[in-house]
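Undergrad: Sharing a sequence plus its predicted fold:
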Amino acid sequence: TWFISCNALDKTNGYIPGKTNTVGYPEVSCQNVSVTLDVLGQATVTPAMVNTGTFSACSTPTLSLSQSFFDCTDVGVNPVTLTVAYPGGPSLSCSSTVTVISTLSASSTAGTIDCTGTTTTVNVSATGGTGPYTGAGPQTVGAGPYSFTVTDANGCTSITTGTVIVLDNVPPTISCPANI
C-alpha cells in the first residue's frame, strides 16, 4: 500500500509500509453576491467572488460558475452553481445567488385634473443607466392610474407608476328661483 504525501516532508518517497492511499477533498462553500450593472448595462461575477475559501493543499482546483456574465435581462435574483474541479479528482459544487442591480431609475410627477378637465401631463424622467432614454418626457393622461416604462440605450428598463386624481376646487353654488 501507498501513503501519498502532499508536502514530501516524510522523506520516504511516498511509500510508508502499512499506510493506505487516502485523499480527502474539502467541501465547497458558496456565498450570495450582488453586482451593479456598469454604464454598458453589464456585470461580471468571478468564481472567486462566490467561493468562500475552497482550497486544497495537494492541488489547485479549477473554479467555474454556471453563469458569470450578466446584463439588463438578468436584473433581480439569479441562481448560479460554483463548480470546483480537482485535477485527477472529483468535481464538487454548491449553489448560490447573484443579485443584479440596475442603476436605471424612472420617476414621474403628475399634474391634477380639476372637475372641468379631462387630461393632465405626467413628466417622466430617468437617472442612471445610459442615455438616451426612450419613454421619458411629457405624457398626456386622464384620471386614474398610469404606468410608463423607460428604456436606456443598453435595453435596461425601469417602470414608474402613479395615479392622477381629480380635484374639485370649485366651490358649490346654489341658485334658487326668485318666486319660491
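TA: Cool, the structure landed.
Undergrad: where does residue 48 fall, helix, sheet strand or coil?
TA: On the three-state scheme (DSSP: H, G, I helix; E, B strand; the rest coil), residue 48 is labelled helix.
Undergrad: name the element the closest residue in space to it that isn't next to it in sequence belongs to?
TA: Nearest non-adjacent residue to residue 48, counting by CB to CB, 6 or more residues apart in numbering: residue 63, 7.0 Å away. In short, each C-beta sits where N, CA and C put it, glycine included. Element membership of residue 63, judged by DSSP states H and E, is strand 62-65.
Undergrad: hang on, the residue nearest to residue 48 packs against residue 82?
TA: Yes: using CB atoms under 8 Å, residue 63 is in contact with residue 82, at 6.7 Å.
Undergrad: what touches both of those two?
TA: Common neighbours of residue 63 and residue 82, counting by CB atoms under 8 Å, 6 or more residues apart in numbering, are 47, 51.
Undergrad: So for these two, which residue has more residues nearby?
TA: residue 82 (24 against 16; other CB atoms under 10 Å).
Undergrad: ok so, going back, flag every buried residue along the strand holding residue 63.
TA: Neighbour-count burial for strand 62-65, counted by 16 or more other CB atoms under 10 Å, picks out 63, 65.
Undergrad: before we move on, what about stretch 37-54?
TA: Within stretch 37-54, judged by 16+ other CB under 10 Å, the buried ones are 37, 41, 43, 45, 47, 49-51, 54.
Undergrad: thought residue 127 was touching residue 102?
TA: No: using CB under 8 Å, residue 127 makes no contact with residue 102, being 11.3 Å away.
Undergrad: residues contacting residue 131?
TA: Contact partners of residue 131, counting by CB under 8 Å, 6+ apart, are 152-153.
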